[in-house]
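Enquirer: whatever this is, show me its structure:
(one chain, ligands or ions: 1)
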Amino acid sequence: MTELDFIHPLKIFDLAKKEGRLVYTSAPMVRYSKLAFRQTVYEYGTDICWTPMILAKEFNRSHVARDSDFTISTTTPQPPTIVQFGANSPLELSRASSLVAPYASGVDINCGCPQSWACAETLGAALMEKRELVRDMVLATRSRLASDGWAVGLDADMHHPSKGRSVSVKIRVHKDLRKTMDFIETVLGDSGVPGGRNIDFLTIHARTRSTPSSTPILLDALEILVDKYGDRVPILANGDIFTLNALPFNSPLHTPTATFTNSRSGMVEESPLPFLPKLAGLMSARAILANPALYAGYDACPWEAVETFMVKAARAPLPYKLVLHHVHEMCSPGMGANKKALLTKQERAELQKCINMIDLIDFLEEKKGPKR
Ligand SMILES: Cc1cc2nc3c(=O)[nH]c(=O)nc-3n(C[C@H](O)[C@H](O)[C@H](O)COP(=O)(O)O)c2cc1C
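Expert: Numbers count the residues shown, from 1 in each chain. Okay, here's the model as predicted:
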């Protein structure tokens with residue numbers, strides 16, 4: 001396979017800022033954020049796409065894991081792709097990163113997965129208690145990529161035409177926010193050089209390890225962390241990014257459209273949402289799964305996004321059950337206020353009866369019909 005040309009993720013942050021907007025990213029999602037899905041969301045304005053979490057140790061040892069966990073396209077435009085690893089060893093992470101570096105824009109460490117099996121292995125959210133280990137994994141990876149010839153000099157390398165690569169971290173927050181600050185301080189490092197830091201950017205999922213995803217994100221925590229660290233490192237906000245017209249916060253890089261009705265006066269007023277002037281971008285998971293066109297401004301999934309996904313899935317195949325799950329998500333009510341769905345509940349039950357791709361294509365053609 002030949003090496004591919006990539007734009008450095010920090011350059012994408014820089015360009016978005018110059019365009020006066022937030023960076024739009026799609027989250028790592030085990031099983032779902034595979035190539036066909038990444039290509040679909042990229043077509044609808046997503047700037048950077050995450051792969052699902054890949055276990056670094058297995059990736060290093062098994063070619064079956066490498067073949068099934070990481071697929072890229074060499075023929076169509078390759079969405080800027082961040083490979084997310086589950087890792088707890090500097091050596092394993094740096095080896096796995098070295099393997100994917102020719103084919104991805106950057107690598108990321110999952111410090112947020114709350115599942116018990118992951119935490120028992122000191123992976124995911126368990127790493128939020130191991131800040132020195134996370135820093136050591138970041139440093140070992142940067143050093144390995146640099147010795148392989150990649151440009152990992154942060155902002156200084158963002159204009160590098162093809163060799164620039166990023167190393168980043170995705171975190172949750174602690175109940176005691178001082179622990180999250182200690183974590184971020186340790187992982188960022190104190191180089192003393194303006195702009196100097198160990199990671200290129202940081203994603204904050206503003207929930208604790210035990211907050212269910214049905215509970216709204218901890219906006220206070222997000223506001224404090226973005227205010228404190230947003231000048232030192234570009235930050236992506238993750239959690240409850242459901243539609244562009246109703247973000248859970250306001251930003252100078254995003255035209256606020258959210259209003260609320262004052263229950264006493266009955267007047268429509270500007271939203272009282274927190275203002276995050278130092279926020280660099282957004283990351284969406286559940287909402288973009290249901291509506292891949294989210295960043296193109298759609299507040300519900302359009303039929304054309306389902307079609308785009310089907311075409312991508314035919315070219316970059318997925319197991320049929322996964323295709324069916326994606327389509328089901330896209331045809332169900334989304335996460336935002338607009339609960340209009342492409343298929344009724346009864347039609348979605350019929351959808352589940354499709355047993356293969358041909359069946360599914362025929363079903364969708366029939367349901368979409370000329371009337372839609
Ligand atoms: C199906 C699914 C799979 C996920 N897999 C991962 C993963 O591999 N790595 C990770 O860091 N987070 C993973 N997450 C968490 C999301 O990336 C995100 O942090 C979380 O869902 C909050 O964002 P949301 O409110 O936009 O859904 C997953 C979430 C879902 C729904």
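Enquirer: ok, the closest residue to residue 313 other than its chain neighbours - contacts?
Expert: Distances taken as C-beta to C-beta, 6 or more residues apart in numbering place residue 36 nearest to residue 313, at 4.2 Å, with adjacent residues excluded. For glycine as for every other residue, the C-beta is placed from the backbone atoms N, C-alpha and C. Residues near residue 36 by C-beta atoms under 8 Å, 6 or more residues apart in numbering: 309, 312-313, 315-318.
Enquirer: can you tell me which residues in this structure are near the ligand?
Expert: Listed as neighbours of the ligand in the chain under the rule C-beta under 6 Å from any ligand atom: 27-30, 32, 52-53, 84, 110, 112-113, 170, 205, 213, 238-241, 284-287.
Enquirer: what sits against residue 219?
Expert: 206, 248-249, 273-274.
Enquirer: which of the residues you listed has the largest number of neighbours?
Expert: residue 206 (26 neighbours; other C-beta atoms under 10 Å).
Enquirer: circling back to that earlier point, give me the buried entries from the residues of the chain next to the ligand.
Expert: Taking 16 or more other C-beta atoms under 10 Å as the criterion, what is buried in the residues of the chain next to the ligand is 27-29, 32, 52-53, 84, 110, 112-113, 170, 205, 238-241, 284-287.
Enquirer: keep only those of the contacts of residue 219 that are in strands.
Expert: Using DSSP state E, no member of these sits in strands.
Enquirer: kindly reformat the residues you listed as JSON lines containing pLDDT.
Expert: As requested, these are exported to JSON lines (pLDDT from 0 to 100):
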{"residue": "206", "pLDDT": "97"}
{"residue": "248", "pLDDT": "95"}
{"residue": "249", "pLDDT": "95"}
{"residue": "273", "pLDDT": "91"}
{"residue": "274", "pLDDT": "94"}
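Enquirer: so where's the stretch 201-350 of the chain uncertain?
Expert: Residues of the stretch 201-350 of the chain that meet the criterion pLDDT under 70 lie in 256-271.
Enquirer: how about a cut-off of 80?
Expert: Counting by pLDDT under 80, the stretch 201-350 of the chain has low-confidence residues at 255-271.
Enquirer: please enumerate the strands of it.
Expert: Taking DSSP state E, counting those that start in this stretch as the criterion, the stretch 201-350 of the chain carries its strands at 202-205, 235-238, 259-261, 268-270, 281-284.
Enquirer: in its sheet, which strands sit next to the first one, and in what direction?
Expert: Strand 202-205 has these partner strands in its sheet, going by DSSP bridges: strand 166-172 (parallel), strand 235-238 (parallel).
Enquirer: for the first one, what is the average pLDDT?
Expert: Mean pLDDT, strand 166-172: 98.
Enquirer: list the buried residues in the helix or strand following that strand.
Expert: Later in the chain than strand 166-172, the nearest helix or strand by DSSP states H and E is helix 177-188. Going by neighbour count (16+ other C-beta under 10 Å), the buried part of helix 177-188 is 177, 180-181, 183-184, 186-188.
Enquirer: packing partners of helix 177-188?
Expert: Helix 177-188 is packed against helix 131-147, strand 166-172, strand 202-205, helix 219-229, with contacts defined by 3 or more C-beta pairs under 8 Å, 6 or more residues apart in numbering; DSSP states H and E.
Enquirer: how far off centre is the second one?
Expert: Think strand 166-172. Put simply, strand 166-172 sits 10 Å off its chain's centre (C-alpha atoms, centre = their mean, to the nearest Å).
Enquirer: what's the angle from that strand to helix 177-188?
Expert: Going by axes from the mean of the first three to the mean of the last three C-alpha atoms, to 10 degrees, strand 166-172 is angled at 170 degrees with respect to helix 177-188.
Enquirer: just to revisit the earlier point, can you add distance to residue 44 and give the strands paired with strand 202-205 back as JSON lines?
Expert: What follows is the strands paired with strand 202-205, written out as JSON lines (distance: least, C-beta to C-beta, whole Å):
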{"stretch": "strand 166-172", "distance to residue 44": "22"}
{"stretch": "strand 235-238", "distance to residue 44": "18"}
